[in-house]
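*Asks:* how would this look folded up:
(one chain, ligands or ions: 2)
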Amino acid sequence: MGKTYCTAIVLAAGKGTRMGTRVQKQYLLLEEKPILYYSLRTFQKSALIDEIILVTGAEEVECCRKKIINAYNFTKVKKIVPGGKERYHSVWNGLQAIEEKRVPNSYVFIHDGARPFVTQEIIARAYGQVVECRACVVGMPVKDTIKIADDAGNVADTPDRKRLWMIQTPQVFETELVRRAYQKIMCTKDVQVTDDAMVVEKMERVAVKLVQGAYENIKITTPEDLEIGKTFVQHFSN
Ligand code: CTP
Ligand code: MG
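*Replies:* Ligands and ions are numbered 1, 2, ... in the order given. Take a look at the predicted model:
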């Protein structure tokens, strides 16, 4: 296979409602650096990644350019684009910012800016899979037993734990495939989208491969995650 072109879309346009801090969680500090800094640094350093598109709130575009991109010299960040109401709107804005000439033979890594501990190994594993099978998502086998509840709050079912994965990011796709899938879903009413793989599964009927991430690759979502993050960051080098 010839040279591929890889774009990382890093999502940072969320409000952080579950964290409940005044400052949005992606800008909270771990060892004096904003959470968003860590994944940007990892993609910047990856030899597999050619460009980064950062998606932020419309109000934060200029501030991010100055205080994060320029301050840390993240030269691969080619564009900072404003996000949308839901995560998938932000993804769509990021996908549209990929230049048309880049679309053939190219791949896109969609990553949560609130997930600071993605590693070079995870990026490399996902890349290895996506060139083989066009679509893959990073995740880990669940450790707890998971139950499905019914409307009354009773246990309705206990799925076989060996088949259950918790899904992380990056979620990695052929650019053409994921753009087409998102184009279709953006025209559909009443959609429930919680991750990118769902969009490709539903709209394109392409099998999405599960790739091993890491239990450290957590998303900072609630205040206790921040405490865990403070511990992890002490050993994190990338
Ligand atoms: N995100 C985004 N645009 C949105 C919503 C989310 O870019 N409209 C990003 C977040 O910034 C985060 C990632 O998607 O990096 C995962 O979302 P989540 O953890 O749900 O973050 P928030 O939506 O900010 O948090 P909450 O759901 O608690 O409000
Ligand atoms: Mg959210």
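*Asks:* C-alpha from now on. contacts and neighbour counts both.
*Replies:* Fine.
*Asks:* What's opposite Ile148 in the beta bridge?
*Replies:* Beta-bridge partners for Ile148, by DSSP bridges, are Asp157.
*Asks:* Isn't it up against Asp160?
*Replies:* No. With contacts counted by C-alpha atoms under 8 Å, Ile148 stays clear of Asp160, the gap being 11.3 Å.
*Asks:* Could you list the buried residues of the biggest helix by length in the chain?
*Replies:* For the chain, the helix that runs over the most residues, judged by DSSP state H, is helix 120-133. Under the neighbour-count criterion of 16 or more other C-alpha atoms under 10 Å, helix 120-133 has Gln120, Ile122, Ile123, Ala126, Tyr127, Gln129, Val130, Val131 buried.
*Asks:* shaky segments in the protein?
*Replies:* Applying pLDDT under 70 to the chain flags the ranges 1.
*Asks:* which residues of it fall in strands?
*Replies:* 5-12, 29-30, 33-34, 51-56, 77-82, 106-112, 135-141, 148-149, 155-157, 165-174, 209-212 (DSSP state E).
*Asks:* about what we covered before: what angle do the longest helix of the chain and strand 165-174 make?
*Replies:* When axes from the mean of the first three to the mean of the last three C-alpha atoms, to 10 degrees is applied, the directions of helix 120-133 and strand 165-174 differ by 60 degrees.
*Asks:* Contact residues of the protein facing ligand 1?
*Replies:* By C-alpha under 6 Å from any ligand atom, the part of the chain that sits against ligand 1 consists of 11-19, 83-87, 90, 112-114, 221.
*Asks:* what about 8 Å?
*Replies:* 10-20, 24-26, 55-57, 83-91, 111-115, 219-222 (C-alpha under 8 Å from any ligand atom).
*Asks:* Might you report the residue contacts of the residue sitting furthest away from the middle of the chain?
*Replies:* Most distant from the centre of the chain: Ala152, at 33.6 Å, with distances by C-alpha atoms, centre = their mean. For Ala152, no residue counts as a contact, taking C-alpha atoms under 8 Å, 6 or more residues apart in numbering as the criterion.
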